[in-house]
Each structure stands twice: as structure tokens, then as C-alpha cells.
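Student: Sequence isn't available, so here's the structure alone:
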Ligand SMILES: *Cc1c(COP(=O)(O)O)cnc(C)c1O
């Protein structure tokens with residue numbers, strides 16, 4: 001095929017996908033939160049051995065749509081409350097497509113001047129939105145997991161360098177042992193990052209209160225016990241309760257002992273962008289590094305995370321690379337490769353630029369406030385029902401709910417029935433957790449499209465699933481009596 005022919009084919013295929021997208025996006029079935037097929041059916045459709053002969057692009061896309069669509073989970077639906085999963089703003093989806101068409105290698109200024117400068121702009125916007133120190137450096141990652149890894153790598157560099165140890169040159173064998181203090185309920189990706197950084201053996205959990213907030217007094221006691229290079233990992237938004245550590249106290253204490261504070265702020269970071277919600281994260285700006293997500297609360301498509309670091313020199317030192325064939329940006333230009341573990345990467349900052357530009361400072365704040373209000377409405381609506389207890393203080397967008405079954409079911413059995421009902425749809429898809437020993441339903445409001453009516457529909461669906469779970473139990477007993 002000639003180059004011109006290939007360009008024409010790409011354009012034709014994009015038309016096909018554009019027509020399909022228009023239908024898909026307007027299909028009311030995409031508002032149904034459940035998935036329609038089981039795994040064996042999906043495997044039959046999608047997981048046959050790779051045929052020897054290829055197929056033309058149009059046929060392939062047709063197959064993908066026909067066989068893939070039934071197994072989609074409509075997590076972008078406005079009544080989807082599972083995990084912490086936002087939807088996607090129209091401008092974000094469209095600029096994501098533009099990113100693919102442009103197909104820039106976002107590694108260096110040299111490989112994409114536009115991506116480099118857009119990343120510079122987005123970095124400044126984010127630092128201002130979150131109210132962080134002006135010199136804060138920023139990396140755009142695949143998600144908060146990689147952002148945690150990056151922030152903690154910067155931390156490891158910094159605290160060991162302060163003890164006279166060059167971990168990038170000499171590794172960890174023989175290094176002064178750092179102390180890593182994390183809150184009891186910290187996210188699995190923080191533990192994984194610490195493992196990957198060779199620090200697993202140094203980790204100690206600090207006690208948390210009934211909401212999942214790190215106890216400052218327990219931290220102080222832990223700090224006074226030992227000496228040495230120190231990293232403290234705090235949480236801005238517990239993945240279940242949404243609770244925020246006492247950030248000012250955590251930062252002051254850790255700094256008093258010469259430590260570095262890394263904050264896992266996957267969704268809670270965005271509270272800093274709202275005048276109303278900012279009080280829940282006060283002290284956030286005193287930390288040394290932060291990890292957050294754009295694909296959760298900012299409602300951009302997967303994947304996009306953000307790492308921020310108040311010590312740009314340590315941030316870059318932890319990730320430094322150089323090779324004869326790589327030409328660094330000159331005169332203060334930005335090479336994205338200096339701020340995350342990836343080299344070649346999608347120009348993710350394009351979507352951030354478009355979405356932030358679309359919303360503006362006020363639009364971001366309004367999104368956050370709206371979701372927080374919806375979460376409070378959800379909690380208040382559920383709390384009125386017999387046998388339903390909201391177990392967390394609803395500070396941000398997370399609501400944790402426990403159910404009291406009748407005496408013939410355990411809490412876990414009753415919750416499992418509720419979850420099964422909700423996951424069949426059509427509204428209020430949600431998933432379970434165990435909160436301080438008690439089986440609970442986790443609800444998260446972070447979709448830009450969710451309205452008060454959607455929340456009321458979700459309340460009705462959850463209450464009805466709770467009542468059915470009790471009733472079904474009785475039917476079950478009679479059948480087997
Ligand atoms: C989602 C989440 C993460 C991990 O983020 P990914 O974007 O899935 O990589 C880390 N910490 C918290 C608190 C989260 O909610």
C-alpha cells in the first residue's frame with residue numbers, strides 16, 4: 001500500500017469508528033451498569049488461537065465490536081458507584097483520539113515539542129490548582145500506582161543522599177536502613193512500590209482511628225523510638241472511607257525528624273482544588289511528594305496519573321538516564337522522560353490540557369463540590385432505612401454502608417446477595433469491602449454526569465436490594481423446608 005493509501009485507509013476507518021461511536025454513546029444500554037455475558041462466552045468469542053492468515057482492518061474492527069461489546073462494564077454510567085472510577089468528559093475522549101492520531105512519542109522535547117510544552121503548561125496548572133509550592137515538579141504517569149512508585153523513588157533518593165548514600169549508584173546493599181512509616185490502611189500500591197524499591201523490610205504500620213486516619217500520637221511515638229533516614233507515607237482519601245490523615249501534624253512531625261512525607265492522594269488530591277473541600281486536606285501543601293490520578297475524579301479516560309514533587313532535583317536524580325543518542329532539551333526545556341519511569345510514552349498531557357482548559361479553575365472546583373454533595377445525599381438517603389448504617393463520616397466522595405440482616409443470615413451472606421443484585425444492574429453497580437472487620441458496601445461518587453436524580457435512583461436500588469436479600473433468604477428456606 002502506498003503512504004497516501006495508508007493515510008486514506010486510516011481516515012476511512014476513523015469514519016467507521018466515529019459512526020459506531022455515535023451509536024454506542026447514544027445507546028441507552030450503556031447506562032446499564034452491569035456486564036451482559038460470562039467469561040466462558042467472552043473467551044469463546046475473543047480468545048481463539050491466532051489464525052495464520054490476517055483479516056482486513058474493517059473486518060477486524062467489526063469482530064472486535066461484535067464480540068467485545070457484550071463484556072464491557074459501563075463504569076462511565078452516571079449511576080455507577082463501584083471502586084473509584086470516574087467517567088470521561090466529551091472533550092477528554094475526543095482529545096484522547098487526537099492523541100492517537102498525532103501519535104507523538106512523549107519521551108523528549110526532541111520527539112515532540114508540542115507534547116513537551118503542553119506538559120510544561122499542565123504541570124504549572126496542576127501545581128497552582130492544588131496550591132503546592134511553586135517549584136514543584138510534575139510527571140504524568142499511567143496511574144496513581146506508578147505515581148506512588150515515582151514519588152517514593154524520589155523519597156528514597158533524597159533521604160539516603162542526606163545520609164551520604166548514593167542509592168542510584170551504589171544500590172541498597174550496605175545503605176543506612178531507612179525507616180518507612182505507613183498508615184495501617186494504606187493502599188496496596190504503596191506497599192507494592194516499596195517492595196519494588198527494595199524497602200519492604202523497613203515498613204512499619206502506624207495505627208489509625210475508626211475512620212482510617214493515621215493517629216498523630218501513634219506516629220509521634222513511633223518516630224521517637226528509632227533514628228535514621230525516614231519516609232512517612234500518608235493518605236489523602238482512604239480507598240474505602242475517603243478519610244484524610246491529619247496532614248499538617250503528619251508533615252510537621254515527620255519533618256521534625258528530618259523525614260520525607262509522601263502522600264497517596266489518588267482521588268483526595270482534587271479536594272485541594274475546591275474552596276469548600278480544601279479544609280479537609282489542609283496541610284497537604286507541606287508534604288514532599290504527592291501521587292494522584294486524573295482517570296478517577298478528573299474524569300479523563302484511562303489511563304492517566306500524576307506525580308508531584310516539592311524537590312525537583314531529587315525527583316530527577318531518582319530517574320536520571322543519559323545516553324549518547326539522547327539529546328536533552330536545552331535552555332530549561334522539558335524532557336518528560338526525566339519525571340517518570342517510562343521512556344517512550346503516550347502524550348497523556350494532551351488530554352489533561354484539554355480537560356483542564358475546558359473546565360477552568362472554577363469548573364474543577366464545581367465538579368468536586370458536586371460529587372461531595374451527591375455523596376452526602378447518598379449517605380443521608382440510605383441512613384433513613386432500617387437495617388442500613390452509614391459507617392464512615394462522609395468527608396469526600398466515599399460512602400461506606402453496613403447492613404443488618406435478619407438472624408438467619410450472616411452479614412457477609414446478606415451483603416453478597418446485595419452486591420450480586422447491584423452488579424446485575426441496571427443502576428448502582430457497587431462492590432464490597434471489609435471495614436474494621438465488618439462487611440460493607442463501598443460507594444464512590446466521582447462521575448461528572450451524576451445528578452441528584454441518579455443518586456435517588458441509586459438509593460432506591462440499594463434499599464430494594466437490601467430488602468430483597470432478606471426476602472430471598474426466606475424464600476430459600478421455604479424451598480428447602
Ligand atoms: C486507585 C488508587 C490507587 C491506585 O491508582 P491507579 O490509578 O489504579 O494506579 C492508589 N491509592 C488510592 C487511594 C487509590 O484510590
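Tutor: Sure thing, it's come through. Just so it is clear, the model here is predicted, and its values are computed rather than measured.
Student: any idea how far residue 184 lies from residue 251?
Tutor: 19 Å (Cβ to Cβ, to the nearest Å). For glycine as for every other residue, the C-beta is placed from the backbone atoms N, C-alpha and C.
Student: These two: which has the busier surroundings?
Tutor: residue 251 (22 against 15; other Cβ atoms under 10 Å).
Student: Show me what whichever residue of the stretch 301-450 of the chain sits closest to the ligand is bridged to.
Tutor: Closest contact between the stretch 301-450 of the chain and the ligand, by Cβ to the nearest ligand atom, is at residue 305 (5.2 Å). Residue 305 has the following beta-bridge partners by DSSP bridges: residue 141, residue 293.
Student: Report the contact partners of it.
Tutor: Residues in contact with residue 305 (Cβ atoms under 8 Å, 6 or more residues apart in numbering) are 140-147, 266, 291-295.
Student: Go again with 7 Å.
Tutor: By Cβ atoms under 7 Å, 6 or more residues apart in numbering, the contact set of residue 305 is 141, 142, 143, 144, 146, 147, 292, 293, 294.
Student: what's the longest helix in this protein?
Tutor: helix 349-383 (DSSP state H).
Student: Show me what it is packed up against.
Tutor: With contacts taken as 3 or more Cβ pairs under 7 Å, 6 or more residues apart in numbering; DSSP states H and E, helix 349-383 sits against helix 90-102, helix 113-129, strand 388-390, strand 398-403, helix 452-480.
Student: For that helix, what does the pLDDT average out to?
Tutor: Averaged over helix 349-383, pLDDT sits at 98.
Student: give me phi/psi at the residue of the stretch 201-350 of the chain found nearest the ligand?
Tutor: Using Cβ to the nearest ligand atom, the closest approach of the stretch 201-350 of the chain to the ligand is made by residue 266 at 3.2 Å. For residue 266, the backbone dihedrals are phi -50, psi -50 (criterion: degrees, to the nearest 10).
Student: Skip the chain neighbours and tell me the closest residue to residue 102.
Tutor: residue 347 (7.0 Å; Cβ to Cβ, 6 or more residues apart in numbering).
Student: where's that neighbour, which helix or strand?
Tutor: Residue 347 belongs to no helix or strand when assigned by DSSP states H and E.
Student: Could you list which residues are in contact with it?
Tutor: For residue 347, the contact set (Cβ under 7 Å, 6+ apart) comprises 99, 102, 104, 106, 112, 115.
Student: mind putting these in TSV, distance to residue 168 included?
Tutor: Shown next, in TSV, are these (distance: Cβ to Cβ, whole Å):
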residue	distance to residue 168
99	32
102	33
104	28
106	23
112	27
115	26
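Student: For the stretch 1-150 of the chain, just list every one of the strands.
Tutor: Ranges of strands in the stretch 1-150 of the chain, per DSSP state E, counting those that start in this stretch, are 137-141.
Student: Spell out which residues of it are next to the ligand.
Tutor: 84, 143, 144, 145 (Cβ under 6 Å from any ligand atom).
Student: how close does the second one get to residue 149?
Tutor: If I follow you right, that is residue 143. 10 Å.
Student: Between those two, tell me which one has more neighbours.
Tutor: Set residue 143 next to residue 149 and count neighbours by other Cβ under 10 Å: residue 149 wins out with 23 against 20.
Student: list the contacts for the closest residue to residue 349 other than its chain neighbours?
Tutor: In space, residue 349 comes closest to residue 119 once its chain neighbours are excluded; the distance is 4.1 Å by Cβ to Cβ, 6+ apart. Contact analysis of residue 119 by Cβ under 7 Å, 6+ apart lists 140, 334, 336, 349.
Student: Pop the domain breakdown of this protein in here.
Tutor: 95-358, 361-479 (automatic domain parsing).
Student: And the ligand, is the shortest one touching that?
Tutor: No: judged by Cβ under 6 Å from any ligand atom, domain 361-479 makes no contact with the ligand; its nearest approach is 8.9 Å.
Student: can you confirm residue 308 is in a helix?
Tutor: No: Residue 308 sits outside any helix when classified using DSSP: H, G, I helix; E, B strand; the rest coil, being strand.
Student: What does the closest residue to it other than its chain neighbours show for phi and psi?
Tutor: Nearest non-adjacent residue to residue 308, counting by Cβ to Cβ, 6+ apart: residue 290, 4.4 Å away. Dihedral pair for residue 290: phi -140, psi 140, per degrees, to the nearest 10.
Student: tally of neighbours for residue 290?
Tutor: 31.
Student: returning to what we had before: generate a ChimeraX selection restricted to the buried subset of the contacts of residue 347.
Tutor: In ChimeraX, a selection of the buried entries from the contacts of residue 347 looks like this (16 or more other Cβ atoms under 10 Å):
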select :99,104,106,112,115
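Student: With respect to residue 468, which of the contacts of residue 347 is nearest?
Tutor: residue 99 (44.3 Å; Cβ to Cβ).
Student: from what I can see that closest one touches residue 352, true?
Tutor: No: using Cβ atoms under 7 Å, residue 99 makes no contact with residue 352, being 10.5 Å away.
Student: on that earlier part again, as a markdown table, the contacts of residue 119 with neighbour count would be great.
Tutor: Formatted as a markdown table, the contacts of residue 119 follow (neighbours: other Cβ atoms under 10 Å):
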| residue | neighbour count |
| --- | --- |
| 140 | 30 |
| 334 | 20 |
| 336 | 29 |
| 349 | 30 |
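Student: For those, which two are the farthest from each other?
Tutor: So, these by Cβ to Cβ: farthest apart are 140 and 334, at 11.0 Å.
Student: Out of the helices and strands packed on helix 349-383, which one sits most buried?
Tutor: strand 398-403 (a mean of 25; mean count of other Cβ atoms under 10 Å).
Student: Next secondary structure after that one?
Tutor: Where DSSP H and E defines the elements, the next helix or strand beyond strand 398-403 is helix 411-424.
Student: quick one: that following helix to strand 398-403, angle?
Tutor: Orientation of helix 411-424 against strand 398-403 (axes from the mean of the first three to the mean of the last three Cα atoms, to 10 degrees) gives an angle of 120 degrees.
Student: what's helix 411-424 in contact with?
Tutor: 34, 403, 405, 428-432, 438-439, 441, 461-462, 465-466, 468-469, 472.
Student: rewinding a little: ok, so of the contacts of residue 119, who is nearest residue 383?
Tutor: Using Cβ to Cβ, residue 140 comes nearest to residue 383 of the contacts of residue 119, at 39.4 Å.
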